[in-house]
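> quick one: sequence and predicted model below, then my questions.
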Amino acid sequence: MVNQKITKVLKVGFILTPGMLITGTALPYEMWSAALEAVKVRRGGTEVKLYLISVSNSLPGPLSLKPNCDFQSCPQLDILYLPALWRNPRVVIDQLGQSFYDALVHRHGNGTQIAAVGSGVALLAKSGLLNGRVATTHWHYFDQFERDFPDIHLKRNFFITQSGTLYCAASINSLADVTVHLMERFIDKAAARHVETNFSHEIRRTYDEYRYLDGGRTPLDDEIALEAQGWISQNLSTQMNIADLAAHLGVALRTLNRRFKVATGSSVRQYWQKERIVFAKELLGDTNLSIGEISWRVGYGDASYFSRLFQRELSVTPLTYRKTVRAKLFRLAT
């Protein structure tokens, strides 16, 4: 294979603080490391550079991560992760000092996208970047967060919020979904699916389906779209089509397509197809059904068509996906 030229260098940083929860940083760091290896196997495209960034002389606990730069000297970053914090975040908030928050605002203003997780969202909130915006945090700190940051619109019912280039995740598992989303955005879909399959193939809902997008709309805004989603989830194994769905809802086909697109951002056909792929992933991972049987169970009578569609969406064949999920092999499927 002829080496391809590196077309972009992606810089991803991880803030290390006292009182941090190591898992909240180690998981996305290792996910990005896997993406880096995937890109190397392909020998071209985006190069990924990772930075563990110190902001204090105190190391973050008994399972310390070793920093390779400090916040002042590390280069301009494309993505920056703020850590989850143990217990009351106020201790760390006060310990870091105003200079840290000023630097955070400055970097964001220069184009760095920031992702915060759990109670560590309070670090992002303290900077003022979330004022007038939406956020979520660990459920245990909902009440305290609203008292401490009354200018922020807390979304208690969402695991992920996005406001421009600021991402908040309520839990470490949700941060994994944010990470996959960022990989797809900054690298490509193939790298993102590779990492998702090897780290968290059990994630069954996409990023877009359960994050709150500031300024966007959710399916709950339109009862026709909501009813359509429910009907689709109950009819994945049938040969019914969009015309059948419109008849069930008592609306014209054109009306259904228009309202669904406005409410969800995708067409009925695209949504239905994604739901079938998700169902197929579950069957591939949890059963010994043949590809033909799975194809039939997710509503496709032609197994060859299903296989081509699956590979187009996930960049791997159904059989390769099954082997990778079951073996949890950290390799790039070709």
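Thanks, I have it. Note that this is a predicted model, so its numbers are computed, not measured. Residues are numbered from 1 along each chain as shown.

> just so I have it, where are all the helices in the stretch 51-200 of the chain?
Applying DSSP state H, counting those that start in this stretch to the stretch 51-200 of the chain gives helices spanning 90-96, 98-109, 121-126, 142-148, 172-186, 189-200.

> of those, which is nearest Phe158?
Nearest to Phe158, of all the helices of the stretch 51-200 of the chain, is helix 172-186, at 9.1 Å by C-beta to C-beta. Heads up, the C-betas are built off the backbone N, CA and C, glycines and all.

> average model confidence for stretch 109-123?
Throughout stretch 109-123, pLDDT has a mean value of 95.

> any idea how far the residue nearest to Phe159 when sequence neighbours are not counted is from Lys66?
In space, Phe159 comes closest to Ser174 once its chain neighbours are excluded; the distance is 4.2 Å by C-beta to C-beta, 6 or more residues apart in numbering. Relative to Lys66, Ser174 is positioned 27 Å away (C-beta to C-beta, to the nearest Å).

> can you give me the neighbour number for Ile15?
26 (other C-beta atoms under 10 Å).

> if we can go back for a sec, most tightly surrounded among the helices of the stretch 51-200 of the chain?
Most buried of these, by mean neighbour count (mean count of other C-beta atoms under 10 Å): helix 121-126, with a mean of 26.

> who touches that helix?
Defining contact as C-beta atoms under 8 Å, 6 or more residues apart in numbering, one finds that helix 121-126 is touched by 15, 17, 82, 85, 89-90, 92-93, 96, 101, 104, 114, 116, 130, 135-138, 141, 145, 148-149, 152, 166, 168-169.

> mind redoing it with 7 Å?
82, 89, 93, 101, 114, 116, 130, 135, 137, 145, 149, 152, 166, 168 (C-beta atoms under 7 Å, 6 or more residues apart in numbering).

> list the contacts for the last one?
Spelled out, it's Cys168. The contact partners of Cys168, by C-beta under 7 Å, 6+ apart, come to Ala116, Val121, Ala135, Thr136, Thr137, Ile160, Thr161.

> so the first one makes contact with Pro83?
No. With the criterion set as C-beta atoms under 7 Å, Ala116 and Pro83 do not qualify as a contacting pair; they are 8.3 Å apart.

> out of these two, which sits in the more crowded spot?
Ala116 (31 against 27).

> residues contacting that one?
With contact taken as C-beta under 7 Å, 6+ apart, Ala116 is in contact with Leu82, Leu123, Leu124, Cys168.

> ok, it to Pro318 distance?
Ala116 is 36 Å from Pro318, by C-beta to C-beta.

> so which strand or helix has Val278?
Per DSSP states H and E: Val278 is located in helix 268-286.

> packing partners for that helix?
Applying 3 or more C-beta pairs under 7 Å, 6 or more residues apart in numbering; DSSP states H and E, one finds that helix 268-286 makes contact with helix 223-234, helix 242-249, helix 253-264, helix 291-297, helix 303-314, helix 318-327.

> how about those in a markdown table, adding mean pLDDT?
Below are these laid out as a markdown table (pLDDT from 0 to 100):
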| stretch | mean pLDDT |
| --- | --- |
| helix 223-234 | 84 |
| helix 242-249 | 90 |
| helix 253-264 | 88 |
| helix 291-297 | 91 |
| helix 303-314 | 91 |
| helix 318-327 | 80 |
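
> for Thr46, which of the ones you listed is the nearest?
Closest to Thr46 of those, according to C-beta to C-beta: helix 303-314, at 19.3 Å.

> now the strands for the stretch 1-150 of the chain?
Shown for the stretch 1-150 of the chain, the strands assigned by DSSP state E, counting those that start in this stretch span residues 6-16, 45-54, 69-70, 79-82, 113-117, 134-135.

> out of the ones you listed, deepest packed?
Of all the strands of the stretch 1-150 of the chain, strand 113-117 has the most neighbours on average by mean count of other C-beta under 10 Å, namely a mean of 27.
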